[in-house]
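# model this:
(one chain, ligands or ions: 2)
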Amino acid sequence: MIRSYLFVPGDDLKKLGKSTTSPADALIYDLEDSVGPERKDVARTIVRDHLLAHVATTHFKVVRVNGPTTGLMAGDLAAIVVGRPDAILLPKCESQADIDRLGHMLDALEAREGIAPGRTRIEALVTETATSVLNAASRRFAHARLSGITWGSEDLSADIGAIAKAGPDGRLDDTFRYARVVCLLSASSAGATPIDTVYPDFRDAAGFEAECVMAKRMGFLAKYAIHPAQIETINRVFATSEAELDWARKIVAAFAAAGNGGVTKMDGKMLDKPHLTLARRLLGVA
Ligand code: COA
Ligand code: MG
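Residues are numbered from 1 along each chain as shown. Ligands and ions are numbered 1, 2, ... in the order given. Coordinates of the predicted model:
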């Protein structure tokens, strides 16, 4: 179960080196926004070499390529697939066609490298433009490689011209709350893991923890980190707690005791089918 992802700028040898001992479940080597235009080429080479040197490690390894309209994506993939990344993070994903196109490119590159067809998963960032949010809200994405769906607010702010994404109290404005919800629903409908976005203010541990707690309550199963100090919090908050497991086991037992699969009660509260479904889901996730 992947809960925590650490973003690592793809051209930063020092951070790449440090990432190898991170307690994060997954590492994302970034070729996109954290790499300046003049460093795009060198970042490809660095990430490829780093992947090749760490093929056997247990981290789930993701590469964020440049977006579908940059003219860089095919070259990014051609350079790095030899390093057998476990997944490609597709930024600025606006449509099913973007996912399909990436899938076709991976089909060809896996064949070239002798990698099992379909091994490379796709995670899609589906809220970075206004068009993306509207499309993600109105259709179900489907692809055999699609394993995660995530969202981001920085690029969406830029696309729509929002000066900030939250007021002084830190509560997200409606546009971004909506984007977050669209991501969650889109992931559920696609059968993909919903992944909550980054929290850029990496010195604000309390704010970060609160955001993790809310994300977990909403149904997100994982979260991105930009700084190593955020990983422990994600791993802890997103773990299924003993209390949650107890609750789930008690629900399952209550239904078994009632023997009818319909309505029953526990601790003075009604229980019906959705509670049983949720309890089984929790036990499955754990
Ligand atoms: N991955 C691996 N190591 C990291 C890291 C990361 N994402 N972020 C910081 N570190 C390392 C630093 O190199 C530093 O190492 P040192 O103690 O050996 O010097 C240590 O962790 C502490 O870092 P700190 O000084 O607190 O932060 P910083 O000023 O070096 O970096 C950021 C701050 C935000 C620039 C950095 O965390 C970063 O690059 N994050 C990822 C950005 C990114 O990928 N964005 C794209 C997705 S939105
Ligand atoms: Mg971005």
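# When you work out contacts or count neighbours from here on, use the C-alpha atoms and nothing else.
Noted.
# On the three-state scheme, residue 149 is what?
Of the three states, residue 149 takes strand under DSSP: H, G, I helix; E, B strand; the rest coil.
# Residue 115 now?
The three-state label for residue 115, taken from three-state DSSP, comes out as coil.
# Go ahead and confirm residue 7 touches residue 224.
Yes: applying CA atoms under 8 Å, one finds residue 7 in contact with residue 224, separated by 7.2 Å.
# can you map out the strands along the stretch 101-250 of the chain?
Listed from the start of the chain, the stretch 101-250 of the chain has strands (DSSP state E, counting those that start in this stretch) covering 121-125, 146-150, 193-196, 222-225.
# Contact partners for the closest residue in space to residue 205 that isn't next to it in sequence?
Across the structure, with CA to CA, 6 or more residues apart in numbering as the measure, the residue nearest residue 205 apart from its sequence neighbours is residue 230 (7.7 Å). Residues near residue 230 by CA atoms under 8 Å, 6 or more residues apart in numbering: 202, 205, 208.
# Going by distance to ligand 1, which of the residues you listed wins?
Of all these, residue 202 has the smallest distance to ligand 1: 7.2 Å, by CA to the nearest ligand atom.
# wait, what's in contact with that closest one?
Residue 202 neighbours (CA under 8 Å, 6+ apart): 208, 226, 227, 229, 230.
# ok, back up a step: for the strands of the stretch 101-250 of the chain, which one sits closest to ligand 1?
strand 222-225 (7.5 Å).
# Wait, residue 49 touches residue 84, no?
No: counting by CA under 8 Å, residue 84 is not a contact partner of residue 49; they are 11.1 Å apart.
# so which strand or helix has whatever residue of the stretch 1-150 of the chain ends up closest to ligand 1?
Of the stretch 1-150 of the chain, the residue with the smallest distance to ligand 1, taken as CA to the nearest ligand atom, is residue 15 at 3.8 Å. Taking DSSP states H and E as the definition, one finds residue 15 inside helix 13-19.
# Convert the C-alpha atoms of that helix to CSV, please.
This file holds the C-alpha atoms of helix 13-19, laid out as CSV (Å, rounded to 0.1, in the frame of the first residue of the first chain):
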residue,chain,number,x,y,z
LEU,A,13,21.9,15.1,-7.6
LYS,A,14,22.1,15.8,-3.9
LYS,A,15,18.4,15.4,-3.3
LEU,A,16,18.2,12.3,-5.5
GLY,A,17,21.0,10.8,-3.3
LYS,A,18,19.2,11.6,-0.1
SER,A,19,15.9,10.3,-1.4
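# That helix - what's its average pLDDT?
Taken as a whole, helix 13-19 carries a mean pLDDT of 98.
# Quick check: buried residues in it?
For helix 13-19, the neighbour count (16 or more other CA atoms under 10 Å) marks 16, 19 as buried.
# picking up where we left off before, can you list the strands of the stretch 101-250 of the chain in a markdown table and add mean neighbour count, mean pLDDT and distance to residue 181?
What follows is these, written out as a markdown table (neighbours: other CA atoms under 10 Å; pLDDT from 0 to 100; distance: least, CA to CA, whole Å):
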| stretch | mean neighbour count | mean pLDDT | distance to residue 181 |
| --- | --- | --- | --- |
| strand 121-125 | 25 | 98 | 13 |
| strand 146-150 | 25 | 98 | 10 |
| strand 193-196 | 26 | 98 | 10 |
| strand 222-225 | 26 | 98 | 14 |
